[in-house]
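Participant: this one's structure only:
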Ligand code: AHR
C-alpha cells in the first residue's frame, strides 16, 4: 500500500482496537541534543483578507466611521432628514464629515444609522463606547440608540442615551451604551433632537469597552485570545498580497497606519474585488489596526514582530506592465520606508519615528529583529529591487534579519530561480508559500532534510492543505498539516519560522478558505488546523532529538506504515509528535537511547487529535466538534509501547 496516495474516507477509531501491521519502532536518541528550535518557529500570519481587520480582529463596530469611502461617502450609513457631506474637516487626511441640520418640519427627523459590516454584535451586560468628533452652532442634543430593525415589539431601540454637543470647535465626545440584551445584528442610530441648529460629526465610532487588554483602539477579545493561546513565536503582518497593492498607490503604506486614528487615511482593500464570486464592495482598510497596534499586539501575545514591506513592485499577478512598478531609480522612498520603520520600532524616543511611537504610548522600543521585503515576487526584477534595500538596511541596521521571497510557488521555475538569488543577496531567511493538495503534503515529509545548510534559513510563511475541490476547513487537511509539520520540526536547524495562512475569516465575509479562525459578530471558533498549530506551539521544545525508524527519518515514506514523526526535548521533558495518516491503527514502540545505561524514561501523558469525521471541522454551532484530548500514558524504561489510531495525530510526553 502506498501511503502517499490519497487517504480515503475510512472510519478512524480513536480508542485502541485490534492491531494490524508490525510494531513501528521509533528510535529516539537522547545521547545527543540536536539543533535548537527557534522561539520564532511557530507563529501567526495576519492579512486583512476575509474581513480580518475591520469587521474582525479590530474591534471598531461602525463601517466608514470617517465618511471617506470613495464611491459613496455615506456608504455603510443610512441618513435621514437633512444630512450633508462636507470636506473641510479637522483631519487633513480624512477631510470628509457630515453636517446634520434641522429637517425643516416639526414632524421630520434628522439622523444617521449604521449596521457595521454584518450587523453590530452586542452582548447582554456589555458596554460600548460611542465616540465622535463634533462641533455645533449652539447646544445640540443627540439621542443615540442601539436598535433592532427587525423587532416586532413596541419599540425598536433597546438602549438609548443622550449627549449634548455644545462646542463651536471640533471636540471629541463620548458616552457608554449598556446593552441589556445579546443581539447578533443590532444597529446604531442617532437622532438630532435640537431644532434650528446644525451639528457636524466626524470619526463616529463604537467599540466594546472590553477589548483585549482594555485598549480603547483595541482588538476583539475572543479573537486576540485565540492568537495568544497559540503561544506564537512570530507574528507576520500585514500580509500577503495586501503588502504589494494592485497598484503601488494602494500598497499597504505603514506610515499611513500610525499616529492618531482619526487621521489615518483610508486605503482600498484588494480583497474587495479580487474574486467576483465572493464580492464585497464595502471592503476597505481603515488602518485603525495599524503598525503600532501590530507591534503592540505582538508584544502582548509574546511573539516577535515580522513586518513585511513593499519592495516597490505592485502585485505581479495583477501587473504585467513594467510601468506599474517603481523603477530602480525610484526606489529610495520605499527603502526609506523600511529604514524609517526600523526607527519607528527601535529608535529612541527623541528620534523622529521613535518619537512618534513614544507619542502613541510606547516610549520603550519594540525590539524589532526581522523585516521582510517583498511578498510573492518573481523574476530578476525582484533581486534587482531587493538589492539596494539589503545594502542600505545592512549599512544602517546590521542587526536586522532580512526575509526575502521565493515567489508564489512551492517549487518550479520561479522558486528555483529565486532561492539562489536570495542566497547571493545574503537574505537571512527565505519566505516559502504552499497552498497545496493532500498529495503534496503527503509527499513532502522529507522536504527540508536535504536543504543546503549554509544558506538562508527557511520561513514557511504561508501554507495550508487545500484539497482539490475541498477548499474548506476539515479534519483530514489539518491531519496532513500536522504530518507535514514533523518535517519542519525535524529540520529546525534550517526551518526557523512557519505560519499557517490565512488567519481569520468572517463567516459572512470570506473570500478565501480554509482559514485558521472563524467568527461571526459575536462568537468565534478555532478550527482543527488551529489545534494542530496550538499543539506545535505548546509542545515546541527547545532542541530537536534524532528520531528514526530503521535508521531513516519518519516521513510517511512507503515502508513507514503511513507514519510521520519527530521528537524534541525541553528540560527533562521529551515531546514526540506522531501522525498516522494510514487507515489502520498502528502499534508504536518508543525506543530511547540514553546517555547512561541506568537512565530510565517515564511516560507522562498523550494528547490525541483524532476523529472519523474526515471532512468536518469545528463550527460556530459546534466549536468543540473535534478537539484534542489528553490522557495519562503509562510505562517506564527504555522501550515504551503505545498505539496510535488510524488517521490521527498525537503528542506523546515523556520524562527523562
Ligand atoms: O493568504 C492569501 C494570499 O495568498 C496572500 O495574500 C498571498 O501572499 C498568497 O497568494
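Facilitator: Thanks, I have the structure now. Model, not experiment: these values are computed from the prediction.

Participant: Leaving out chain neighbours, which residue sits closest to residue 334?
Facilitator: residue 312 (4.3 Å; Cβ to Cβ, 6 or more residues apart in numbering). C-beta: built from backbone N, CA, C; applies to glycine.

Participant: That neighbour should be in a helix, yeah?
Facilitator: No. Residue 312 is assigned coil when assessed by DSSP: H, G, I helix; E, B strand; the rest coil, not a helix.

Participant: So for residue 562, what's the nearest residue that isn't a sequence neighbour?
Facilitator: Excluding the flanking residues, the one nearest residue 562 by Cβ to Cβ, 6+ apart is residue 582, at 2.8 Å.

Participant: does the one you found sit in a helix or strand, and which one?
Facilitator: For residue 582, there is no enclosing helix or strand under DSSP states H and E.

Participant: do residue 299 as well
Facilitator: Here residue 299 is assigned to helix 291-301, by DSSP H and E.

Participant: how about the residues of the protein that lie near the ligand?
Facilitator: 47, 49, 239-241, 375-376, 408, 433, 462, 501-502, 512 (Cβ under 6 Å from any ligand atom).

Participant: Same list (those residues) but as CSV, adding pLDDT.
Facilitator: Putting the residues of the chain next to the ligand into CSV (pLDDT from 0 to 100) gives the following:
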residue, pLDDT
47, 98
49, 98
239, 97
240, 97
241, 97
375, 98
376, 98
408, 98
433, 98
462, 98
501, 98
502, 98
512, 97
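
Participant: quick check, nearest of those to residue 140?
Facilitator: residue 49 (40.5 Å; Cβ to Cβ).

Participant: What are the neighbouring residues in contact with the closest one?
Facilitator: 239, 240, 242, 271, 502, 505, 511, 512 (Cβ atoms under 8 Å, 6 or more residues apart in numbering).

Participant: at 6 Å what do you get?
Facilitator: By Cβ atoms under 6 Å, 6 or more residues apart in numbering, the contact list for residue 49 reads 271, 502, 512.

Participant: From residue 174, how far out is it?
Facilitator: 31 Å (Cβ to Cβ, to the nearest Å).

Participant: ok, the residue of the stretch 551-656 of the chain found nearest the ligand - how many residues close by?
Facilitator: Of all residues in the stretch 551-656 of the chain, residue 617 sits closest to the ligand, with a separation of 18.2 Å (Cβ to the nearest ligand atom). The burial count assigned to residue 617 is 24, neighbours taken as other Cβ atoms under 10 Å.

Participant: Chain neighbours aside, what residue packs nearest to it?
Facilitator: Closest residue to residue 617 apart from its sequence neighbours, by Cβ to Cβ, 6+ apart: residue 473 at 4.1 Å.

Participant: How about the chain: which residue is closest to the ligand?
Facilitator: For the chain, Cβ to the nearest ligand atom, closest residue to the ligand: residue 240, 3.0 Å.

Participant: Quick check: that residue touching residue 47?
Facilitator: Yes. Under the criterion of Cβ atoms under 6 Å, residue 240 makes contact with residue 47 at 3.3 Å.

Participant: Present the residues of the chain next to the ligand as a markdown table; the columns should include secondary structure.
Facilitator: Output for those, formatted as a markdown table (three-state DSSP):
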| residue | secondary structure |
| --- | --- |
| 47 | coil |
| 49 | coil |
| 239 | coil |
| 240 | coil |
| 241 | helix |
| 375 | coil |
| 376 | coil |
| 408 | coil |
| 433 | strand |
| 462 | strand |
| 501 | coil |
| 502 | coil |
| 512 | coil |
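
Participant: mind listing what the residue nearest to residue 638 when sequence neighbours are not counted touches?
Facilitator: Counting by Cβ to Cβ, 6+ apart, residue 638 lies nearest to residue 592, which is 5.0 Å off, once chain neighbours are set aside. In this structure, residue 592 makes contact with 28, 30, 601, 638, judged by Cβ under 6 Å, 6+ apart.

Participant: Now do residue 592, the pLDDT please.
Facilitator: Per-residue pLDDT puts residue 592 at 98.

Participant: quick one on the thing from earlier: quick check: buried residues in the helix holding residue 299?
Facilitator: Buried residues in helix 291-301, defined by neighbour count with 16 or more other Cβ atoms under 10 Å: 291, 292, 293, 294, 295, 296, 297, 298, 299, 301.

Participant: Equivalent analysis for stretch 518-532, please.
Facilitator: In stretch 518-532, counting by 16+ other Cβ under 10 Å, buried: 518-522, 524-532.

Participant: Need the three-state assignment for the residue nearest to residue 347 when sequence neighbours are not counted.
Facilitator: Once flanking residues are discounted, residue 347 sits nearest to residue 354: 3.1 Å by Cβ to Cβ, 6+ apart. Classification of residue 354 using three-state DSSP returns helix.

Participant: Could you give the number of residues near residue 354?
Facilitator: Residue 354 has 22 neighbouring residues, counting by other Cβ under 10 Å.

Participant: hang on, it packs against residue 348?
Facilitator: Yes. Using Cβ under 6 Å, residue 354 is in contact with residue 348, at 5.1 Å.

Participant: wait, is residue 643 part of a strand?
Facilitator: Yes. Assessed by three-state DSSP, residue 643 belongs to a strand.

Participant: Distance check, it against residue 562.
Facilitator: Taking Cβ to Cβ as the measure, residue 643 falls 14 Å from residue 562.

Participant: which of these two has more neighbours?
Facilitator: Ranked by neighbour count (other Cβ under 10 Å), residue 643 and residue 562 place residue 562 first, with 26 against 16.

Participant: Need phi/psi at the more buried one.
Facilitator: Torsion angles at residue 562 (phi, psi; degrees, to the nearest 10) stand at phi 70, psi 20.

Participant: From the contact counts, what lies against the strand or helix carrying residue 307?
Facilitator: In the assignment (DSSP H and E), residue 307 maps to strand 304-309. Applying 3 or more Cβ pairs under 6 Å, 6 or more residues apart in numbering; DSSP states H and E, we find strand 304-309 packed against strand 234-237, strand 370-373.

Participant: again, only using 7 Å
Facilitator: Contact partners of strand 304-309 among helices and strands, from 3 or more Cβ pairs under 7 Å, 6 or more residues apart in numbering; DSSP states H and E: strand 234-237, helix 291-301, helix 332-346, strand 370-373.

Participant: Can you redo the ones you listed as CSV, where the extra columns are mean pLDDT?
Facilitator: Shown next, in CSV, are the helices and strands packed on strand 304-309 (pLDDT from 0 to 100):
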stretch, mean pLDDT
strand 234-237, 98
helix 291-301, 98
helix 332-346, 99
strand 370-373, 98
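
Participant: where exactly do the helices run in the chain?
Facilitator: Ranges of helices within the chain are 221-228, 291-301, 332-346, 352-359, 381-396, 413-425, 438-443, 475-490, 528-538, based on DSSP state H.

Participant: Take those and write them to a markdown table, including distance to residue 258.
Facilitator: As requested, the helices of the chain are exported to a markdown table (distance: least, Cβ to Cβ, whole Å):
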| stretch | distance to residue 258 |
| --- | --- |
| helix 221-228 | 20 |
| helix 291-301 | 5 |
| helix 332-346 | 7 |
| helix 352-359 | 6 |
| helix 381-396 | 20 |
| helix 413-425 | 29 |
| helix 438-443 | 39 |
| helix 475-490 | 33 |
| helix 528-538 | 29 |
